[in-house]
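>>> Predicted structure and sequence below. I'll ask about it afterward.
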Amino acid sequence: MNDPLRPLMDFFNFLRFWMPSSRAEPHQVSFDLTVAALQIQFPTNFQAPRVPARGIPLEIVLDILEAVSFDGTADAEFLRTCSLVCKSWSLPAQKLLFRRIRLCSQAAYNSFIFAVNRSTERGRILGDSVVQMHVVLDNNQPGPLKQACFARAVTLCPNLRDLSLGLYGCGEPGNDIVGSPTLERMRRLAPSFEPGTLELLRTGPLITSLHFSNWSDNDQSVIQLLDVWPSLKFVSITGKIPQLSPELAHPPFACALNRLRLNCQSEPSLDFLEWLLHASSQANSLRAIELDREPTLDMLDYLTRSHTESLQELAVPSCSTSEHATAINRCRSLRYLRTERPSASIIPLVFRQLPTGIQDLAFGIDQDYPVTDPCGGRQHLGRTGEYYGQPVGQG
């Protein structure tokens, strides 16, 4: 039997025999999928900013350090660190660091004397930078600072203007108890300033601000110091009450003060206040009085009567009677008034009679004080009532 597909199959076999076979030849093919970099054409006059080879310009560094130290609260450790950054930062940072010096021991004095050695240019620069100095004379501490050394340190600072001095009495051997009550500490004796020390202080800078804290039984020390500087404008006395010696003739204190702050354990006598403020009363120079402890009516009355025309700032712990109100309202030039414990019934009386030039009021209140409008609707006040948002004495 004949196969009908046989002729077709023979035809394909014929073609396969006569046609040359083709083979695929291998080729290497590669693909580049990366994106071509974008070409940016910069203007021909463009210049990239240059970083100074020596770092931040010194003018900027000085501006930063001055801004940090502007209000007097710069961290000493921060300034010490800045002084170690590099040579160009060292002296500017040290000048700011030496603005306010604290000497509490003989070791601190020795380091200070070495730093402000006026035989060297750097020492003169650092000594001239000192404007405030805090000194502690305490023989109870190991290696205490000596009186003569304190005076010597002052003389090496020609631009010193603000001096804060703390004087502590010396306890009996074996009886000095750390943390003893204030009254017991104030019964300890402290030596008066020696004549050589006072003479050395007179050769030094003209101090304008004296803060004296007396924690001893010596009531003549502050009077000795007040006689040294005829340039004083601000006096702050804390601790032991000064007493005028009846055996000595004391001419009136010659300085016309601008500011006075008292925080004595008990009230100073009117005789002492008359001696201290004689020149201030004559010159009408006293602008501010700050009393940290409750004054008697006699003391407050004396201060406000003697300085009625000049007094512009007054701070008293309390105002609880009509007599207090009368004494305060006597000051017709008053601009600032602060009291921490006002009486709810007296304060409105005070505020209604205050002079028209009053600008700032600050008074403390507790949770029971009726907060109304104690200022009588006065719209010209710069700051009206700085309320303490908690009971007075709790923060």
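Noted; the coordinates are in hand.
>>> Please count neighbours and contacts with C-alpha atoms only from this point.
Will do.
>>> Based on its surroundings, how many neighbours for Asp298?
Counted with other CA atoms under 10 Å, residues neighbouring Asp298 total 10.
>>> and if you look at Glu121?
Applying other CA under 10 Å, we find 11 residues neighbouring Glu121.
>>> how close does it get to Arg99?
When distance is defined by CA to CA, to the nearest Å, Glu121 is 17 Å away from Arg99.
>>> do the same with Leu226
Taking CA to CA, one finds Leu226 at 23 Å from Arg99.
>>> residue ranges of the strands in this structure, please?
100-103, 132-138, 162-168, 209-215, 234-239, 259-264, 288-291, 313-319, 336-342, 360-363 (DSSP state E).
>>> Report the buried residues of the second one.
Right, strand 132-138. 132-133, 135-138 (16 or more other CA atoms under 10 Å).
>>> So which of the residues you listed sits lowest on pLDDT?
pLDDT across those is at its lowest for Asp138, which sits at 90.
>>> need the contact list for that one.
Neighbouring residues of Asp138 by CA atoms under 8 Å, 6 or more residues apart in numbering: 104, 144-145, 166-170.
>>> mind redoing it with 7 Å?
By CA atoms under 7 Å, 6 or more residues apart in numbering, the residues touching Asp138 are 144, 167-169.
>>> Leu361: which of the residues you listed is nearest?
Of all the contacts of Asp138, Leu361 sits closest to Leu167, with 34.5 Å by CA to CA.
>>> Show me what the closest one is bridged to.
Judged by DSSP bridges, the bridge partners of Leu167 are Leu137, Asn214.
>>> thought it was touching Asn218?
No. With contact defined as CA atoms under 7 Å, Leu167 and Asn218 do not form a contacting pair (9.2 Å).
>>> any residues in contact with both of those two?
If you check Leu167 and Asn218 against CA under 7 Å, 6+ apart, no residue is contacted by both.
>>> what about Ile64, neighbour count?
Around Ile64 there are 12 other residues, counting by other CA under 10 Å.
>>> And it, how far from Gly239?
In terms of CA to CA, Ile64 sits 39 Å off from Gly239.
>>> show me where pLDDT drops low in the stretch 101-250 of the chain?
Residues of the stretch 101-250 of the chain meeting the criterion pLDDT under 70: 171-187.
>>> all helices for it, in order.
Ranges of helices in the stretch 101-250 of the chain, per DSSP state H, counting those that start in this stretch, are 106-115, 121-129, 147-155, 182-185, 195-202, 221-226.
>>> and His211, which of those is closest to it?
helix 221-226 (9.8 Å).
>>> and for that closest one, what are the contacting residues?
Identification of contacts with helix 221-226 by CA under 7 Å, 6+ apart yields 192-193, 212, 242.
>>> Kindly recompute the last result at 8 Å.
192-193, 198, 212, 242, 244, 253.
>>> do the same with stretch 228-248
Under CA under 8 Å, 6+ apart, the answer for stretch 228-248 is 186, 198, 201-202, 206-223, 250, 254-269, 272.
>>> of those residues, buried ones?
Buried residues within those, defined by neighbour count using 16+ other CA under 10 Å: 186, 198, 201-202, 206-223, 254-264, 267-268, 272.
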